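>>> Okay, sequence plus prediction incoming.
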Amino acid sequence: MSSSTREKVMKHLDAVGYLQPAVHKPQHAPYPDEIDHTMYRAYTRSAHDVGGEPDVPMAWEEKEEEQWELNTFATCECLAWRGVWNAEERRRRQNVDVGQTQYLGLPYYGRWLLTAARIMVDKQYVTLTELVNKIDEVKKRYE
Amino acid sequence: MSEHKAAPMVDEVSDFEVLEMAVRELAIEKGLFSADDHRRWTEYIHTLGPLPAARLVAKAWLDPEYRKLAVKDGVKASLEVGVDWINDMPTHFGTPSDYCNLRVLEDTPKVKHVVVCTLCSCYPRPILGQSPEWYRTPNYRRRLVRWPRQVLAEFGLQLPADVEIRVADSNQKTRYIVMPVRPEGTEGWSEEQLAEIVTRDCLIGVAVPRPGVTANALRPIHPAVHPVQHDHGHDHG
């Protein structure tokens, strides 16, 4: 591994380290007898079901919309309009399947966007290779 | 062109921007939808805003028969303020996210309604436009259903203790707007005048209309790095 690659890998691992589950324990992936009914229920609730959770007051702000956010909304609606996904699977993918870390950690439309990419790959409209190549192609336009 | 902006971030393209372009271009190349579909949908979004909902409320304040209709059948009442929930969409079959049930929540001097979507961000877009970012935050969704009085106070709406607060939790099929109590000092006003004081925040329920107040409360604005370009003719400046 070249030293610059090593540096990148270490930086990545440090960043990922921040994304551990919120309940920090010395051993992740605990023994089965360490999960009682309370924790089982907490772990199996879906991440978007937040109503009533305690939280502190925050400053209410307005946010200007990014062009890519509007485009993402239109893309997701067009995928629905043309039958690529229905409302139920779309909502499940955007709100539940992403898991707690991405649900809370990504911007609102960032979550929508990842989900749009995933539905196209999962339903085999595009291969993962095509997606990766397209991302590279787009990046090169800005180099 | 952008020399007046702060340097470093401006010309940098974010990972989200790259992925957005990649996904959209691939979807079009593979024929999942057309570039024209995407353009039409974007244009449709640009036509949306809170004005039709404000007009619905103003009209209902002035016309008791229409008020009954609004409370009974919000979708039908929408037609009279120019919103057809089925045929206005570029789809011509309603919203692709599959909702067409608008409920109008009628406030009284002793009952105040406020709207949330605890599970996601359901919002009556066809009649109210795009939801504000704060409405989508887990914080608003977490707390409004449990501490509504406190949350409303944070929005500047302090309600007397004898006013009951009812929180409506939107869902996939059903979306809500609030019809606030017509405020004093608006006697003899026209529908247009009344509609002006029914702001987006009033329609969500975090504010109440007041004569002379025609905008949402002033809040800090988080600016976009590359904001939406409204390049379709009717720029409001």
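Noted; the coordinates are in hand.
>>> tell me the SS of the spatially most central residue of chain A?
Chain A has A:Gln102 as the residue nearest its centroid, 3.6 Å off, counting by C-alpha atoms, centre = their mean. With DSSP: H, G, I helix; E, B strand; the rest coil as the basis, A:Gln102 sits in helix.
>>> surely it meets A:Leu113?
No - using C-beta atoms under 8 Å, A:Gln102 is not in contact with A:Leu113, being 11.4 Å away. Every C-beta, even on glycine, is put in place using the N, C-alpha and C of the backbone.
>>> dump the residue contacts of A:Met1.
Contact analysis of A:Met1 by C-beta atoms under 8 Å, 6 or more residues apart in numbering or on different chains lists A:Val9.
>>> now the helices for the chain?
I'll assume chain A. Counting by DSSP state H, the segments of chain A that form helices are A:3-17, A:37-44, A:67-81, A:87-92, A:99-105, A:108-122, A:128-141.
>>> Can you look at chain B instead?
B:7-10, B:15-29, B:35-46, B:51-62, B:64-72, B:74-79, B:125-128, B:133-136, B:138-144, B:148-154, B:191-197, B:200-204.
>>> As JSON lines, the ones you listed with distance to B:Gly94 and mean pLDDT would be great.
Putting those into JSON lines (distance: least, C-beta to C-beta, whole Å; pLDDT from 0 to 100) gives the following:
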{"stretch": "helix B:7-10", "distance to B:Gly94": "39", "mean pLDDT": "48"}
{"stretch": "helix B:15-29", "distance to B:Gly94": "22", "mean pLDDT": "98"}
{"stretch": "helix B:35-46", "distance to B:Gly94": "13", "mean pLDDT": "96"}
{"stretch": "helix B:51-62", "distance to B:Gly94": "16", "mean pLDDT": "98"}
{"stretch": "helix B:64-72", "distance to B:Gly94": "20", "mean pLDDT": "98"}
{"stretch": "helix B:74-79", "distance to B:Gly94": "10", "mean pLDDT": "97"}
{"stretch": "helix B:125-128", "distance to B:Gly94": "9", "mean pLDDT": "96"}
{"stretch": "helix B:133-136", "distance to B:Gly94": "22", "mean pLDDT": "98"}
{"stretch": "helix B:138-144", "distance to B:Gly94": "25", "mean pLDDT": "96"}
{"stretch": "helix B:148-154", "distance to B:Gly94": "31", "mean pLDDT": "98"}
{"stretch": "helix B:191-197", "distance to B:Gly94": "25", "mean pLDDT": "98"}
{"stretch": "helix B:200-204", "distance to B:Gly94": "21", "mean pLDDT": "98"}
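>>> Now mean neighbour count too, for those, in TSV please.
Formatted as TSV, these follow (neighbours: other C-beta atoms under 10 Å in any protein chain shown):
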stretch	mean neighbour count
helix B:7-10	9
helix B:15-29	20
helix B:35-46	17
helix B:51-62	23
helix B:64-72	15
helix B:74-79	19
helix B:125-128	24
helix B:133-136	20
helix B:138-144	22
helix B:148-154	17
helix B:191-197	18
helix B:200-204	25
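>>> Can you say which of those helices is nearest to A:Val98?
Ranking the helices of chain B by their distance to A:Val98 (criterion: C-beta to C-beta) puts helix B:138-144 first, at 13.3 Å.
>>> Now do the contacts for A:Glu137.
Taking C-beta under 8 Å, 6+ apart as the test, what A:Glu137 contacts is B:Ala22.
>>> In stretch B:154-168, which residues are buried?
B:Glu154, B:Phe155, B:Leu157, B:Ile165, B:Val167, B:Ala168 (16 or more other C-beta atoms under 10 Å in any protein chain shown).
>>> I misspoke; the intended subject was stretch B:81-99.
Applying 16+ other C-beta under 10 Å to stretch B:81-99 flags B:Val81, B:Val83, B:Trp85, B:Asp88, B:Met89, B:Pro90, B:Thr91, B:Gly94, B:Thr95, B:Pro96, B:Ser97, B:Tyr99 as buried.
>>> For the second one, give its distance to B:Ile177.
By that I understand B:Val83. For B:Val83, the distance to B:Ile177 equals 11 Å [C-beta to C-beta, to the nearest Å].
>>> what residues are shared contacts of the two?
Common neighbours of B:Val83 and B:Ile177 (C-beta under 8 Å, 6+ apart) are B:Ile127.
>>> what residues are up against the residue most central in space within chain B?
Nearest residue to the geometric centre of chain B (C-alpha atoms, centre = their mean): B:Leu128, 3.6 Å. By C-beta under 8 Å, 6+ apart, the contact set of B:Leu128 is B:Leu48, B:Gly49, B:Pro50, B:Pro52, B:Ala53, B:Ile177, B:Arg200, B:Leu203, B:Ile204.
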